[in-house]
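Q: Based on what follows, work out the 3D shape:
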Amino acid sequence: MTTRSTAPTTRTPPTTRTSTPSPATCSIPSRLTGRDLTTLGTDRKVVALTFDAGSGNEGVPSILRTLESQRVPASFFLTGQFVDAFPGSARAIASRHPVGNHTYSHPDLTTLASSAIRNEIRRAATRIKEVTGQDPRPWFRFPFGAVDARTISVVNAECYVPFRWTVDTLGWEGTSGGQSVGSVVARVTSAARPGEIVLMHVGAHPTDHSTLDADALPRIVSELRARGYTFVTLAAVIGPAP
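A: Down below sits the predicted model:
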């Protein structure tokens, strides 16, 4: 899949050497290794709402208000650069919802050496834990959805399970890209199925400044509930952090 899920922040070339410690010994269920999960793998009518945070934070207050008022759990994937730029938003998110690792600087991991991939993952984990107090393991999302067998193996070895998505709302394309609140809602509801993983973003479009995912969220929740769906976090697949 070539869809780029989150506009990258400034590409600071990662170093291939780091003093960040390697992860403690952990175990990932064998059924989850070597995979980039696109669904929750269940027949129950549950949906996982997931949000990537890699650039702006403009939609964070609205998203958190909606989730709280509707009593909906969600999962968030943070880059280290997002945490550095918006520590208050990162703490607000992590105080209410599980957060995962989206690398430090959002590069295409398939273009990096394995040592550089590990550095990206560990730098992000260090910043997420320092700022939010929450360990992002075992949740991971590949920047741009760019993935291959080697990168999955590196991610697994760092004690993470990568989660892709069932449907991308395309809200990140903004109104200038032909999207709207209605199109975002329609993409999610038309793809509704047991175990659906929905990809959304917390930032605004860089030029038209729309926050379509945040604006569409109340309708998404309402329409999925009307179809008999309930909401879960990604822990429904893997259980609590190791």
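
Q: The longest strand belonging to the chain pairs with which strands, parallel or anti?
A: Taking DSSP state E as the criterion, the chain has its longest strand at strand 46-53. Its sheet considered, strand 46-53 pairs with strand 75-78 (parallel), strand 196-201 (parallel), strand 230-231 (parallel) by DSSP bridges.

Q: possible to save the ones you listed as TSV with distance to Pro87, mean neighbour count and mean pLDDT?
A: All C-beta atoms are positioned from the backbone trio N, CA, C, and that covers glycine. TSV is the format used below for these (distance: least, C-beta to C-beta, whole Å; neighbours: other C-beta atoms under 10 Å; pLDDT from 0 to 100):
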stretch	distance to Pro87	mean neighbour count	mean pLDDT
strand 75-78	11	28	98
strand 196-201	19	25	98
strand 230-231	27	16	98
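
Q: Redo those strands as JSON lines? Include distance to Thr126.
A: Formatted as JSON lines, those follow (distance: least, C-beta to C-beta, whole Å):
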{"stretch": "strand 75-78", "distance to Thr126": "12"}
{"stretch": "strand 196-201", "distance to Thr126": "23"}
{"stretch": "strand 230-231", "distance to Thr126": "30"}
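
Q: Quick one: distance of the worst-scoring helix or strand of the chain on mean pLDDT to the chain centre.
A: Counting by mean pLDDT, DSSP states H and E, the chain has its least confident helix or strand at helix 235-238, which shows a mean of 83. The chain centre lies 14 Å from the centre of helix 235-238; the measure is C-alpha atoms, centre = their mean, to the nearest Å.

Q: got a list of contacts for it?
A: 28-29, 32, 37, 40-42, 46, 48, 98, 138, 161, 163 (C-beta atoms under 8 Å, 6 or more residues apart in numbering).

Q: which one of those has the most neighbours?
A: Pro138 (29 neighbours; other C-beta atoms under 10 Å).

Q: Going along the chain, name the strands of the protein.
A: 46-53, 75-78, 99-101, 139-140, 161-162, 167-168, 196-201, 230-231.

Q: JSON lines for those, including distance to Pro218?
A: Output for the strands of the chain, formatted as JSON lines (distance: least, C-beta to C-beta, whole Å):
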{"stretch": "strand 46-53", "distance to Pro218": "12"}
{"stretch": "strand 75-78", "distance to Pro218": "18"}
{"stretch": "strand 99-101", "distance to Pro218": "22"}
{"stretch": "strand 139-140", "distance to Pro218": "25"}
{"stretch": "strand 161-162", "distance to Pro218": "29"}
{"stretch": "strand 167-168", "distance to Pro218": "18"}
{"stretch": "strand 196-201", "distance to Pro218": "13"}
{"stretch": "strand 230-231", "distance to Pro218": "13"}
